[in-house]
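> Okay, sequence plus prediction incoming.
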Amino acid sequence: MTKTSKQLRVFSGVQPTGNLTLGNYIGALSQWVTHQADNETIFCVVDLHTLTIPDSISPQERRQKIREVVGLYLACGIDPKKSVIFVQSHMKQHTELAWLLTCVTPLGWMERMTQFKSKSHKQESIGSGLLMYPVLQAADILLYETDLVPVGEDQKQHIEIACDIAQRFNHLFGETFRLPKAVIPKSGARIMGFDDPTAKMSKSIAQVKSGHAVGLLDDEKAIKKTIMSAVTDSKQEFSLEDASPGVLNLLTIYEVLTKTAREDAVNRFNGKGYGHLKKDVFEAVMEVVAPIQQRYLQYSAEPGFIEDVVKEGAESITPLADKVMRSALQATGMG
Ligand code: TYM
């Protein structure tokens, strides 16, 4: 892979755990698509991370979800001619680098991570992979000399810790890793659940609660039901001044999907009932989701297409991963 001086290298990924949601699209995938125009872009399906909660998904489901997420990357507009698309477990360098980084990461840093605290509370027995999750994520990013990591707001702490780990390694063994920066969208960085606007919209909650999220592959009827039943508040009409979190969430989704400025969106809905806002959000969602679903069906039905994309993706980035891995090993006196 060659990189001109103008381009920055962009890396990001999604865990193939549940059905990708509108939150994943707005916070991450839609941003990725725009980065393709000016930057060198690498997008990964981070399957190894799904093992950190071992019984959350069966091996058959995992295999199917990995393929589904690649299909959705393509359907959302990630173009294999412009971007590298690959599956994390196809590149052994991620786990190899994760070990080097584990050895320079203080345990206290991992124990303080918000996601570890919230996820470990929900588990009867906690695997050590869950604790070390951010180190594997740091390896994903550092392995490709990444400049920018476009993500939703929930990933900010993970990118910061990747920087801290890189700096610690560089301090101990000499300049080895480039320091990455998170790119978080100004609007839509944290889409909330339709059923509970105090909780982030999440693939895993959506698996157990209907009405929580719009899945990118949900049918039109289900999407309509979810949006029309979204929690708002007891007031009758829209007004920005005293808008509740549920109303603001709907407004944000409308603004982002239709690329409307806040002022114009507010003027559109001011003084009107919430039914009007919900109907417009539903239409805006369908406008985006329907073509994604059409393309997804095409890509996933084409025999061998998805498999070829990720095979070529992994092949094309192997030289870079090998180079960075070699310099990390050499810095420590190994390799
Ligand atoms: P994951 O799979 O939970 O989410 C994938 C991406 O979607 C964003 N996102 C959201 N954005 C806005 N509103 C929401 N409700 C919402 N829900 C999810 C996430 O911020 C993320 O950008 N740890 C990561 C995966 C990962 C990764 C990486 C990401 C592993 N290695 C390296 C970037 C770089 C995760 O679990 O994302």
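Sure thing, it's come through. These numbers come from a predicted model, not from an experiment.

> Surely Ile78 touches Ile85?
Yes. Look at Ile78 against Ile85 with Cβ atoms under 8 Å: they come within range, at 6.1 Å. Bear in mind the C-beta positions are built from the backbone N, C-alpha and C, glycine included.

> Now do the shared contacts for those two.
With contacts defined as Cβ atoms under 8 Å, 6 or more residues apart in numbering, the residues adjacent to both Ile78 and Ile85 are Phe43.

> So what's the residue count around whatever residue of the stretch 201-335 of the chain ends up closest to the ligand?
Nearest to the ligand in the stretch 201-335 of the chain, going by Cβ to the nearest ligand atom, is Met201, at a distance of 3.8 Å. Using other Cβ atoms under 10 Å, Met201 has 26 neighbouring residues.

> Contacts only, for it.
Per Cβ under 8 Å, 6+ apart, neighbours of Met201: 21-23, 191-194, 212-213.

> Apply 7 Å and report the result again.
21-23, 191-193, 212-213 (Cβ atoms under 7 Å, 6 or more residues apart in numbering).

> Run through the residues of the protein sitting next to the ligand.
11-15, 23-24, 26-28, 46, 49, 137, 140-141, 149, 151-152, 154-155, 158, 189-191, 200-202 (Cβ under 6 Å from any ligand atom).

> Which of those fall within strands?
11-14, 149 (DSSP state E).

> Quick check: chain neighbours aside, which residue is closest to Ile272?
Quick fix: residue 272 is Lys, not Ile. Nearest non-adjacent residue to Lys272, counting by Cβ to Cβ, 6 or more residues apart in numbering: Phe238, 5.7 Å away.

> What is the burial count for the one you found?
Burial of Phe238 is recorded as 21 neighbouring residues (other Cβ under 10 Å).

> Quick check: it touching Asp280?
No. Using Cβ atoms under 7 Å, Phe238 is not in contact with Asp280, being 10.9 Å away.

> For whichever residue of the stretch 51-200 of the chain sits closest to the ligand, give its distance to His158.
Residue nearest to the ligand within the stretch 51-200 of the chain: Gly152 (2.4 Å; Cβ to the nearest ligand atom). With the distance defined as Cβ to Cβ, to the nearest Å, Gly152 ends up 11 Å from His158.

> show me what contacts the residue in the chain that the ligand sits nearest to?
Nearest to the ligand, among the residues of the chain, is Gly27, at 1.9 Å (Cβ to the nearest ligand atom). Neighbouring residues of Gly27 by Cβ under 7 Å, 6+ apart: 152, 185, 188-189, 191.

> Apply 6 Å and report the result again.
152, 189 (Cβ atoms under 6 Å, 6 or more residues apart in numbering).

> Retrieve the pLDDT associated with it.
At Gly27, the model reports a pLDDT of 98.

> same thing with Lys117?
Residue-level pLDDT assigned to Lys117 equals 90.

> which parts of stretch 319-330 are buried?
320-321, 324-325, 328 (16 or more other Cβ atoms under 10 Å).

> hmm, I was thinking of stretch 244-259
Quick answer for stretch 244-259 (16+ other Cβ under 10 Å): 246-247, 249-258.

> Tell me which entries of those lie within helices.
246-247, 249-258 (DSSP state H).

> ok, the residue nearest to Lys272 - contacts?
Contacts of Phe238 by Cβ under 6 Å, 6+ apart are 269, 272, 277.

> rerun at 7 Å
Contacts of Phe238 by Cβ under 7 Å, 6+ apart are 247, 269-272, 274, 277.

> For those residues, give me JSON lines that also has secondary structure and pLDDT.
Below are these laid out as JSON lines (DSSP: H, G, I helix; E, B strand; the rest coil; pLDDT from 0 to 100):
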{"residue": "Val247", "secondary structure": "helix", "pLDDT": "97"}
{"residue": "Phe269", "secondary structure": "helix", "pLDDT": "97"}
{"residue": "Asn270", "secondary structure": "coil", "pLDDT": "95"}
{"residue": "Gly271", "secondary structure": "coil", "pLDDT": "93"}
{"residue": "Lys272", "secondary structure": "coil", "pLDDT": "95"}
{"residue": "Tyr274", "secondary structure": "helix", "pLDDT": "96"}
{"residue": "Leu277", "secondary structure": "helix", "pLDDT": "97"}
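
> ranges for the helices of the stretch 201-335 of the chain?
203-208, 220-228, 245-258, 262-269, 274-301, 305-331 (DSSP state H, counting those that start in this stretch).

> Pick the most buried one from those helices.
With neighbours taken as mean count of other Cβ atoms under 10 Å, those reach their highest mean count in helix 245-258, at a mean of 21.

> just how off-centre is that helix within its chain?
19 Å (Cα atoms, centre = their mean, to the nearest Å).

> can you dump the C-alpha coordinates of that helix into CSV?
The C-alpha trace of helix 245-258 is given here as CSV (Å, rounded to 0.1, in the frame of the first residue of the first chain):
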residue,chain,number,x,y,z
PRO,A,245,-34.0,13.3,25.5
GLY,A,246,-36.3,11.1,23.4
VAL,A,247,-37.4,14.1,21.3
LEU,A,248,-33.8,15.4,20.9
ASN,A,249,-32.8,11.9,19.8
LEU,A,250,-35.4,11.8,17.1
LEU,A,251,-34.5,15.4,16.0
THR,A,252,-30.8,14.4,15.8
ILE,A,253,-31.5,11.3,13.7
TYR,A,254,-33.7,13.4,11.3
GLU,A,255,-31.0,16.1,11.0
VAL,A,256,-28.1,13.7,10.4
LEU,A,257,-30.0,11.5,7.9
THR,A,258,-31.5,14.4,5.9
